[in-house]
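[1] fold the following and give me the result.
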Amino acid sequence: MMRIIVVLILVTYCSGTNTPTLWGSRVVAKASGPSDTMKYQFNGGVEASVIHGSELSRISIEAGKCVDSENRTWGSPCRVTGNDVYITMADVKAQDILLLSDAQLTRGMASTTFFVPHCKFPKPAKDGVDLNTSFPFSRFVKDMDSFNVDFAVQGAESTSNVTFSINGDDHCSWSGTQLQMNRSSFCVNLVKDVKADLRVFHGVFPKKSGVSRESFIFDGEETIIAVSIDYTQSGISPEVAECNRSATTFSFTGIIISLLMVILLWK
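    All right, here's what the predicted structure looks like:
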């Protein structure tokens, strides 16, 4: 994981690529405290849910706050300005996932924000999607003739069902590794990774004209992930720098603690 992050950082630095602006899926690497104010873009009207473990709570934006049906406040400030949605979560440890989608399903945009301290992605649960495979969760593909996005689900030998959709339209589905629905040229059989205990979709997608953004959704029987695709910007997702920064801080803190322990033992 760290090797991938370092390589992406070096590529960005050497190429002089500008950092693109996030508007969709992402990872929050902070281990505690409130999140930064996060900006999302939708096509008008948004539905929001937070997931913590097996519990799901729907939230709405009212009077500058993110609140649930029991009037519990999940964060502030939260607001909607036109197609822009701004959300701040009060405690990054209070939820595992923030799921946002267009209020009108026909418009199909969706995003998943994962709260993972120091980007230490957990192993997926049985038949759950693997976060590490699809990181970073926002891709900026301007000027690319084609681009790759990988998705994976737990269980190399599992026969569970998986679906891939774009903006709410189903394109591919699988049972086990075998393709069942094939509506696009990029639909192929899943590949078994026995060592990692995963079934992997190696998606190769063509360049599109007249499209500014899309949501690629990989839906396992237990969990879901959305990868945001931006056709108007290029560069490496800011998530990569955040993960690198968080991991470096975490490692440095660990070194300091170890040194202090050694000093105390010498006394």
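[2] show me how the protein divides into domains.
    With domains defined by automatic domain parsing, the chain comprises 30-115, 120-242.
[3] so which of the ones you listed gets nearest G24?
    With distances scored as CB to CB, the stretch of the domains of the chain nearest to G24 is domain 120-242 (2.7 Å). Just so you know, the C-beta spots here come from the backbone N, C-alpha and C atoms, and that holds for glycine as well.
[4] pLDDT of the closest one, averaged?
    Averaging pLDDT along domain 120-242 yields 97.
[5] go on, stretch 91-102?
    Averaging pLDDT along stretch 91-102 yields 97.
[6] what secondary structure does N244 sit in?
    What DSSP: H, G, I helix; E, B strand; the rest coil gives for N244 is helix.
[7] neighbours of it, how many?
    Neighbours of N244 under the rule other CB atoms under 10 Å: 17.
[8] from A94, how far out is F164?
    Counting by CB to CB, to the nearest Å, the separation of F164 from A94 is 30 Å.
[9] same question, V50
    8 Å.
[10] about what we covered before: out of the domains of the chain, which is closest to L22?
    domain 120-242 (5.7 Å).
[11] first-to-last residue distance for that closest one?
    Domain 120-242 has an end-to-end distance of 12 Å (CA to CA, to the nearest Å).
[12] and if you look at stretch 134-142?
    Distance across stretch 134-142, first residue to last, is 19 Å (CA to CA).
[13] likewise for stretch 214-227?
    Span of stretch 214-227 from end to end, CA to CA: 8 Å.
[14] and E47, how many neighbours does it have?
    Going by other CB under 10 Å, the residues that sit close to E47 add up to 16.
[15] cool, and F121?
    If you count neighbours by other CB under 10 Å, F121 ends up with 17.
[16] what's the distance between it and D193?
    Distance, F121 to D193, by CB to CB: 15 Å.
[17] how about V204?
    Distance, V204 to D193, using CB to CB: 18 Å.
[18] would you map the helices across the stretch 51-200 of the chain?
    Using DSSP state H, counting those that start in this stretch, the helices of the stretch 51-200 of the chain run over 131-134.
[19] next, the distance between the ends of stretch 34-51.
    End-to-end for stretch 34-51, by CA to CA: 17 Å.
[20] now it: how far from the chain's centre is it?
    13 Å (CA atoms, centre = their mean, to the nearest Å).
[21] and stretch 198-214, which residues are buried?
    Buried positions in stretch 198-214, judged by neighbour count with 16 or more other CB atoms under 10 Å: L198, R199, V200, F201, G203, F205, R213, E214.
[22] need the contact list for the closest residue to the fifth one other than its chain neighbours.
    Yep, that's G203 we're talking about. Spatial nearest neighbour of G203, excluding adjacent residues (CB to CB, 6 or more residues apart in numbering): V149 at 4.9 Å. Listed by CB atoms under 8 Å, 6 or more residues apart in numbering, the contact set of V149 reads S134, R139, G203, F205, F216, V227, I229.
[23] again, but for V92
    V28, K30, A31, S32, G33, P34, S35, F115, P117.
[24] can we see that at 7 Å?
    Contacts for V92 (CB atoms under 7 Å, 6 or more residues apart in numbering) come out as V28, K30, S32, G33, S35, F115.
[25] equivalent analysis for Q233, please.
    P20, T21, F140, K142.
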